[in-house]
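Chemist: model the following, please.
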Amino acid sequence: STLNFSKCWGVTVDFGASQGQATAAEAGNGGFFWAGASGGTVLNINQTRDSIFKHFFIHCNSSCNIPLNIDSTGTVNTITTNDTFEDIDIRNDVSNPNFIGVQVCATAPGNCELMYLTRLTVACGGSGPTSTSNGIGFIIGGGGEPFGGGISKFAFTNCSQAIYLNGGGAQGVNVFAIDNGLMQGNYNDLYDRNGRSVSYKNIRSEYGTAQITFPYSAEDIVIEDNSFSGLTAGTTTISFSPTSGTRVRVINNTWDSVAVYPIVAPSGSNSVQLDSQDNLYPSAAYCPNFAAFSATSQVTSIGDNCTAGAAGTALFQNPVKVGGNLTVGGTITGNLTGNITGSASNNPQVYEAGVLTAREKIYTNTQALSTGAATHSFANSFTYTSSSTFGCTCTDQTAANACRAVPASATTVTLAGIGSDVLWLSCSGH
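Modeler: As a prediction, this is how the structure comes out:
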């Protein structure tokens, strides 16, 4: 039957035997074999604080549902906080859609916080999981205030969802660190349902299906320094909800050069804030299509690359939205759209009628006259706002003759001079 620790303070449970994926029950180490009814809970930690549980395994014997449950249930008169779980191996050998390796704060009314888990290994059982077939490796949230804490130095294998963040908002998963682990053969490595201020870093993912999924909104999520390998062509690595907004930073991650979709925009008008920096995406043909995000999304791409095989590396840059000061130490290539206001040091400052303008455009070209006249049309779809927003000068390049240039429309200038002389035209305005 279930082993319960209820309303304990300062407990240490130490089996004194190091665990691992192949060094647990198989090596005769200390731990728990489930011999109770099918679907049961092995170890239940209730309203327990400032305690340490370490160096043991929990083996489901193919019949338990929850090897380790951490919560505040029943009559709650103390809180579950500041507990450490270290060097624990959890194993299930068969596919079970109801399996949850570690469940944290599922029903607590509040103050279920500061849970620290390190060197946790979870094998969910079976192989080739679908989105529901093999259950969950680790889930936190659902109850009140699962704040702080984190999970580090872990391994999850063959789970439908390896790490599941359940619930968000003011009472949901908030400030939770996921760092330094190995994911192998999971359907979802991270399933983030409304987490806030969550970091997901230094993780190698192998043979996943839909590695990171945001089924609802998520706020201030950092996905950084991860490696995606063993990829299946045609799959999507990071996907967003079709209905709710998400704020995510994707920084310095790498993909193997396989034909996968690294980031796919949500359908419809969902507004996403996505900051993509210094990532090595899988192939030139499968760069993220940032243009597919809705017009209300805020998407930036800085320093991202797509590998292009023998053709080398293709650098792409997408719009950068700047709300404050932008300092550039090198060269800006591509197009600048919108209005640039403020002072641009070490660059020309243009005044119209004595007023500094940030919308100035300069056009130059040559034009040959015919019987002393010509109408010059601006090349390459260049245009000003109207004929009244710019002015032009001309210089006769054939002889020392006078000439005149008068704006006729937003895209044309009327020129006058001598015979078939060639004129140099220069216009400025907005």
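Chemist: quick one: neighbours of the closest residue to Lys361 other than its chain neighbours, just the number.
Modeler: Excluding its sequence neighbours, the residue lying closest to Lys361 (C-beta to C-beta, 6 or more residues apart in numbering) is His430, at 6.1 Å. Backbone N, C-alpha and C define where each C-beta goes, glycine included. Using other C-beta atoms under 10 Å, His430 has 14 neighbouring residues.
Chemist: would you mind measuring from His430 to Arg359?
Modeler: Distance, His430 to Arg359, using C-beta to C-beta, to the nearest Å: 4 Å.
Chemist: one more: Ile251?
Modeler: With C-beta to C-beta as the criterion, Ile251 and Arg359 are 34 Å apart.
Chemist: same thing with Gly143?
Modeler: Applying C-beta to C-beta to Gly143 and Arg359 gives a distance of 55 Å.
Chemist: ok, those two, which is more surrounded?
Modeler: A side-by-side neighbour count of Gly143 and Arg359, using other C-beta under 10 Å, places Gly143 first with 23 against 15.
Chemist: could I get the pLDDT score of the residue nearest to Lys361?
Modeler: pLDDT for His430: 87.
Chemist: so who does it touch?
Modeler: Taking C-beta atoms under 8 Å, 6 or more residues apart in numbering, we find His430 in contact with 352, 357, 359-361, 384-385, 389-390.
Chemist: out of the residues you listed, which are buried?
Modeler: Burial by neighbour count, 16 or more other C-beta atoms under 10 Å: within these this picks out 357, 360-361, 384, 390.
Chemist: can you redo those residues as JSON lines with distance to Gln19, secondary structure and pLDDT?
Modeler: Compiled in JSON lines, the buried ones among the contacts of His430 are given as follows (distance: C-beta to C-beta, whole Å; DSSP: H, G, I helix; E, B strand; the rest coil; pLDDT from 0 to 100):
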{"residue": "Thr357", "distance to Gln19": "69", "secondary structure": "strand", "pLDDT": "75"}
{"residue": "Glu360", "distance to Gln19": "68", "secondary structure": "coil", "pLDDT": "83"}
{"residue": "Lys361", "distance to Gln19": "68", "secondary structure": "strand", "pLDDT": "89"}
{"residue": "Tyr384", "distance to Gln19": "72", "secondary structure": "coil", "pLDDT": "94"}
{"residue": "Phe390", "distance to Gln19": "75", "secondary structure": "strand", "pLDDT": "92"}
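Chemist: tell me the one among those nearest to Val258.
Modeler: Closest to Val258 out of these is Lys361 (44.1 Å), distances taken as C-beta to C-beta.
Chemist: how far away from the center of its chain is stretch 215-233?
Modeler: Centroid separation for stretch 215-233 versus its chain: 6 Å, with C-alpha atoms, centre = their mean, to the nearest Å.
Chemist: give me the buried positions along that stretch.
Modeler: Quick answer for stretch 215-233 (16+ other C-beta under 10 Å): 215-226, 228, 231.
Chemist: equivalent analysis for stretch 3-17, please.
Modeler: 5, 7-8, 13, 15, 17.
Chemist: compute the first-to-last residue distance for it.
Modeler: 20 Å (C-alpha to C-alpha, to the nearest Å).
Chemist: what's the answer for stretch 394-403, then?
Modeler: First-to-last residue span, stretch 394-403, C-alpha to C-alpha: 6 Å.
Chemist: need the residues that contact that stretch.
Modeler: With contact meaning C-beta under 8 Å, 6+ apart, stretch 394-403 is reached by 366, 404-405, 415-418, 420-426.
Chemist: cool, and stretch 113-122?
Modeler: The contact list for stretch 113-122, computed with C-beta under 8 Å, 6+ apart, reads 19-21, 70, 79-91, 101-102, 104-105, 137-138, 140, 145-157, 159, 162.
Chemist: if we can go back for a sec, same list (the buried ones among the contacts of His430) but as CSV, adding distance to Ser271.
Modeler: Output for the buried ones among the contacts of His430, formatted as CSV (distance: C-beta to C-beta, whole Å):
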residue, distance to Ser271
Thr357, 32
Glu360, 33
Lys361, 32
Tyr384, 34
Phe390, 37
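Chemist: quickly check the residues you listed for the two that are furthest apart.
Modeler: Maximum pairwise distance among the buried ones among the contacts of His430 (C-beta to C-beta): 12.5 Å, between Thr357 and Tyr384.
Chemist: what about His59, distance to Ser72?
Modeler: 27 Å.
Chemist: quick one, which of these two is more surrounded?
Modeler: The neighbour comparison of His59 against Ser72 (other C-beta under 10 Å) goes to Ser72, with 28 against 21.
Chemist: can you pull the phi and psi angles for Phe147?
Modeler: phi -100, psi 150 (degrees, to the nearest 10).
Chemist: just Ala37 next, same as before
Modeler: Dihedral pair for Ala37: phi -70, psi 150, per degrees, to the nearest 10.
Chemist: what is the burial count for it?
Modeler: Neighbours of Ala37 (other C-beta under 10 Å): 10.
Chemist: so who does it touch?
Modeler: For Ala37, the contact set (C-beta under 8 Å, 6+ apart) comprises Ser63.
Chemist: do you know the pLDDT at it?
Modeler: Looking at Ala37, its pLDDT stands at 93.
Chemist: any chance of a ChimeraX selection covering the buried ones in the contacts of stretch 394-403?
Modeler: Applying 16+ other C-beta under 10 Å to those, the buried members can be selected in ChimeraX as follows:
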select :405,415,417,421,423,425
